[in-house]
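**Student:** Requesting a structural model of the entry that follows:
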Amino acid sequence: MLIDTAMRLMGVGQLLLMALVAARSGAPAPIRRATIALLVCVAAYLAIVSPALQLWRSAAWPVIQIFSLNAPLALWVFAHLIFERPIDKRLFALALGVTLIDWMLFTHALYVTHQRPVAAGAVQHGIAFLLAVHAIVIAIANRGDDLLEKRRMFRLGFVIVVGVQTLGIVVVESVYDLLRTDIWLMLLQSGTALIAILAFGAAMLTANAELLFDKAAPPPPRAPLSPAEHVLKQKLDAAMAAHIHREPGLGIGVLAGKLGVPEHRLRALINQRLGYRNFSDFLNSHRIADAKAWLGDPARVDLPVLTLAMDLGYGSLAPFNRAFRDATGTSPSEYRRAAILDPEKG
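**Tutor:** Numbers count the residues shown, from 1 in each chain. As a prediction, this is how the structure comes out:
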């Protein structure tokens, strides 16, 4: 039991140190807050399930418990932000609401009934399972978008490891009695968690903050293109001029195959030489340029925005609207109105 407690306390300390590093980083505020929330929530869970610490006797138990219960939701939000996926606010509100209700039931059980709320535990396990699975799916589905290989693998591994840990905890706590404290289960959980925390913590604390997010610092000046890079850029420019960016579902691996070049070379060119953070930004820059031209073309004034979005390679209207607003600060319909009615301002 002493070894289990020591490993948990080491893990909590490392997580809080990582949260401090994230708080002092130059990451965008939403990603910084999500990272801190995830790390603190995981630390709360590690501490609250330790039988030796007996935090249920502490007046701080309700606060620690609510952070602990929200760890899967924090992972879900973190995965959306780190892979730049839009968060469904209705799903977020639903998950948060259910978690808060479970927290109240757990608190009532501790201080009033002194009986474990079985139904609340089952619901919480179900929510945690679904959130963790969805976070892993997001990470895998968007694993190829980031152009920096080291950061791409770190982000993917970070979300998958935390997600798998969450799934393991849910399965074990569902199969075994939640209040059982078999030493082998406790050691397995604390040991695997500590190994993962130390590995990711070492990478995060010793490497650049860009492993998790982009710094706000301006990019360094770029050296002239090498002959090989110049030839590759000519191939890329020719492909863009042939409107390859309008192909639905175009990924960097597919584009590299069409150009007949290794994927890592194309990633390096787009990121380090052309200055794009990820492949989606590069692709959207060409698609939105076409969209602006089409929306301002009187001959296409009757072309529905949905048709335009599909012709540009977007799978639906929502991602096109989001990308267009991010690039221009306005919706496609508003842009068309301004471009047609007042060409000088449009």
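**Student:** Every contact and neighbour count from this point should use C-alpha atoms.
**Tutor:** Noted.
**Student:** Please save the CA atoms from the helix or strand of the chain with the lowest mean pLDDT in PDB.
**Tutor:** In the chain, no helix or strand scores lower on mean pLDDT, DSSP states H and E than helix 183-206, which sits at a mean of 75. Taking Å, rounded to 0.1, in the frame of the first residue of the first chain, the C-alpha atoms of helix 183-206 are listed here in PDB:
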ATOM      1  CA  ILE A 183      -3.500  -4.300  -3.900                       C
ATOM      2  CA  TRP A 184      -2.700  -5.800  -7.300                       C
ATOM      3  CA  LEU A 185      -5.400  -3.600  -8.900                       C
ATOM      4  CA  MET A 186      -4.200  -0.500  -7.200                       C
ATOM      5  CA  LEU A 187      -0.500  -1.100  -8.000                       C
ATOM      6  CA  LEU A 188      -1.400  -1.900 -11.700                       C
ATOM      7  CA  GLN A 189      -3.300   1.300 -12.000                       C
ATOM      8  CA  SER A 190      -0.800   3.600 -10.200                       C
ATOM      9  CA  GLY A 191       2.200   1.900 -11.800                       C
ATOM     10  CA  THR A 192       0.900   2.200 -15.400                       C
ATOM     11  CA  ALA A 193      -0.300   5.800 -14.800                       C
ATOM     12  CA  LEU A 194       3.000   6.800 -13.300                       C
ATOM     13  CA  ILE A 195       5.000   5.400 -16.300                       C
ATOM     14  CA  ALA A 196       2.800   7.300 -18.800                       C
ATOM     15  CA  ILE A 197       2.900  10.500 -16.700                       C
ATOM     16  CA  LEU A 198       6.700  10.400 -16.400                       C
ATOM     17  CA  ALA A 199       7.200   9.700 -20.100                       C
ATOM     18  CA  PHE A 200       4.900  12.400 -21.300                       C
ATOM     19  CA  GLY A 201       6.100  14.800 -18.600                       C
ATOM     20  CA  ALA A 202       9.700  14.300 -19.500                       C
ATOM     21  CA  ALA A 203       9.000  15.000 -23.100                       C
ATOM     22  CA  MET A 204       6.800  18.100 -22.300                       C
ATOM     23  CA  LEU A 205       9.200  19.500 -19.700                       C
ATOM     24  CA  THR A 206      12.400  19.000 -21.700                       C
END
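**Student:** List of residues touching that helix?
**Tutor:** Applying CA atoms under 8 Å, 6 or more residues apart in numbering, the contact partners of helix 183-206 are 1, 3-4, 7-8, 10-11, 14-15, 18, 21, 46, 50, 158, 161, 165, 169, 211-212.
**Student:** Can you name the element that comes right after it?
**Tutor:** Downstream of helix 183-206, the first helix or strand assigned by DSSP states H and E is helix 227-241.
**Student:** Which positions in the next helix or strand after that next one come out as buried?
**Tutor:** The helix or strand immediately downstream of helix 227-241 is helix 252-259, counting by DSSP H and E. Using 16 or more other CA atoms under 10 Å as the burial criterion, the residues of helix 252-259 that qualify are 252-253, 255-256, 259.
**Student:** mind giving me a markdown table with those residues and columns for pLDDT and distance to residue 235?
**Tutor:** What follows is the buried residues of helix 252-259, written out as a markdown table (pLDDT from 0 to 100; distance: CA to CA, whole Å):
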| residue | pLDDT | distance to residue 235 |
| --- | --- | --- |
| 252 | 91 | 14 |
| 253 | 91 | 15 |
| 255 | 94 | 11 |
| 256 | 93 | 10 |
| 259 | 94 | 7 |
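**Student:** Just give me the closest of these to residue 69.
**Tutor:** Proximity of the buried residues of helix 252-259 to residue 69 (CA to CA) peaks at residue 252, which lies at 37.7 Å.
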